[in-house]
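Let's see this in three dimensions:
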Amino acid sequence: MDKGIRSSSDILNQLYGYNDSESEQSLASTLEIQIQKINEDLLITNVQFVLDKLIEIINKSGKTFNSLLFENQQAKISRYFQIVFLSLYQILVEENSEVINEKLLISHLNKAGDKTIRLAAGGGNWSAKEKQTQLDALCGVIRSCFAKKAENDPARNQWITRFENILMQSSTEQALYDFKVGLHPLIVTESTLNQDTFSKIIKTLTAMANTFPKSTGYCLLGVADNKETSEKYKEIYSSDCVSYSNFFVTGIDSEAKKYHVDIDKYFTKIKQLVGKEPLSERDKDNISRNIFNVKYFDKTVIILKIESGNVPSVYNGKYYVRYASSLSEVKPENFSELFSRFHQLKQ
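Modelled structure (predicted):
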């Protein structure tokens, strides 16, 4: 989150969307967008990576987490765990560092609850400022035990490989992949977001969902599938692309900055547009939850993804399928064949 948040049961209810007020929905929605931007799979991998490292450190200390941090057992340990976990997360993940002196790290954590982390008495309610202050304090003490990694950890950058795999798979499974440089026309005199282009993307995604049983379709914003388009992009935005195989990764960074202030606002705009499309609520929810950013070199690519449901996906009252890169409307006389495939899938 861009802004620190205090800890309390009320805040947890807001973050999980359990209450109905407008501000609480806004907090839950903001969190959902932040998770999507990082990518849920990557975030889970990062959390597990840090947790595994913490468990390893505790095991090597020969103590429990509680006895490592305190001379005498602490009854209210959860806030101390948050500080230690978030400190490790910041250094290992956000600063891309690795442990170089495990013995010294264990020594710094030994009695850190008594010496370094100083929390006000009480239960689980505490301010964002106190949390950040204690996080900064512990990071300052243990940072000397780490060093910057020479290379990024492949496990924590798994979408780089997966992104390249998507590009390669699209050559043999054209029906399930679509590419767009962006949502604004590559015309100097035209700056308005092309609503028709966006609607075509969503219609194409529904067609992908109908093409094969249990299919998954992708649309990548920020990728040109021919050199001519990438050169036009460079002419408009004065930005070079990154080549991979027969694709040209332009990213949406320049478009986002020029027309939407930044990527965050561009990302939010896309989610809002999905909500206005003539889709079933199931497909709106599925697409909205499967929008995320991928950083490829210095280029940001937005991926929209759809997964087939238990019934065919409908767009504006019509059914479509995709053959290669072409859309085809399903005629009423062919409805039975389309629906039978999904019926067999449910059985």
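
I figured Arg282 hits Gly309, correct?
Yes. Counting by CB atoms under 8 Å, Gly309 is a contact partner of Arg282 at 5.4 Å. Heads up, the C-betas are built off the backbone N, CA and C, glycines and all.

Of these two, which one has the most company?
Set side by side, Arg282 and Gly309 show unequal neighbour counts under other CB atoms under 10 Å, the larger going to Gly309 at 15 against 12.

need the contact list for the more buried one.
Contacts for Gly309 were tallied using CB atoms under 8 Å, 6 or more residues apart in numbering; they are Ala209, Arg282, Asp283, Asn286.

redo that, cut-off 10 Å
Residues in contact with Gly309 (CB atoms under 10 Å, 6 or more residues apart in numbering) are Ala209, Asn210, Ser280, Arg282, Asp283, Asn286, Phe342, Leu345.

how near is it to Asp178?
19 Å (CB to CB, to the nearest Å).

for Lys148, same thing?
Between Lys148 and Asp178 the computed distance is 38 Å (CB to CB).

ok, and the closest non-adjacent residue to the most centrally placed residue in the chain?
When the chain is reduced to its mean C-alpha position, the nearest residue by CA atoms, centre = their mean turns out to be Asn39, at 2.0 Å. Using CB to CB, 6 or more residues apart in numbering and skipping residues adjacent in sequence, the residue nearest Asn39 is Phe292, 4.5 Å away.

for Gly182, same thing?
With CB to CB, 6+ apart as the measure, Glu255 is the residue that lies nearest to Gly182, at 4.3 Å, once sequence neighbours are left out.

For the nearest residue to Lys111 once chain neighbours are set aside, what are phi and psi?
Nearest residue to Lys111, sequence neighbours excluded (CB to CB, 6+ apart): Glu71, at 5.9 Å. Recorded main-chain torsions at Glu71 are phi -70, psi -50, according to degrees, to the nearest 10.

How many neighbouring residues does Glu71 have?
For Glu71, the tally of surrounding residues (other CB under 10 Å) stands at 11.

swap in the one 10 residues further on?
Other residues within reach of Phe81, judged by other CB under 10 Å, total 13.

My assumption is that it lies in a strand; please confirm.
No. Counting by DSSP: H, G, I helix; E, B strand; the rest coil, Phe81 is not found in a strand; it is helix.

I'd guessed it sits against Asn66; true?
Yes. With contact taken as CB atoms under 10 Å, Phe81 and Asn66 are classed as touching, separated by 9.3 Å.

for this protein, longest helix please?
For the chain, the helix that runs over the most residues, judged by DSSP state H, is helix 40-61.

Quickly list the domain ranges of the protein.
In the domain annotation for the chain, the residue ranges read 39-151, 158-346 (automatic domain parsing).

I'd assumed the residue nearest to Asn39 was in a helix, is it?
No. According to three-state DSSP, the state of Phe292 is strand, so it is not within a helix.

ok, now how distant is it from Asn334?
Shown here: Phe292 relative to Asn334, a distance of 34 Å by CB to CB.

okay, those two: which has more neighbours?
The residue with more neighbours, out of Phe292 and Asn334, is Phe292; 21 against 13, by other CB under 10 Å.

List the beta-bridge partners for that one.
Taking DSSP bridges, one obtains Ile303 as the residues bridged to Phe292.

ok, residues contacting the helix or strand of the chain with the lowest mean pLDDT?
Of all helical and strand segments in the chain, the minimum by mean pLDDT, DSSP states H and E falls on helix 22-38, at a mean of 75. If you take CB under 10 Å, 6+ apart as the criterion, helix 22-38 is touched by 1-3, 5, 10-11, 13-19, 21, 40, 42-44, 46, 159, 263-264, 267-268, 271, 288-293, 300, 302.

can you redo the domains of the chain as CSV with distance to Leu31?
Written out in CSV, the entries for the domains of the chain read as follows (distance: least, CB to CB, whole Å):
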stretch, distance to Leu31
domain 39-151, 11
domain 158-346, 13
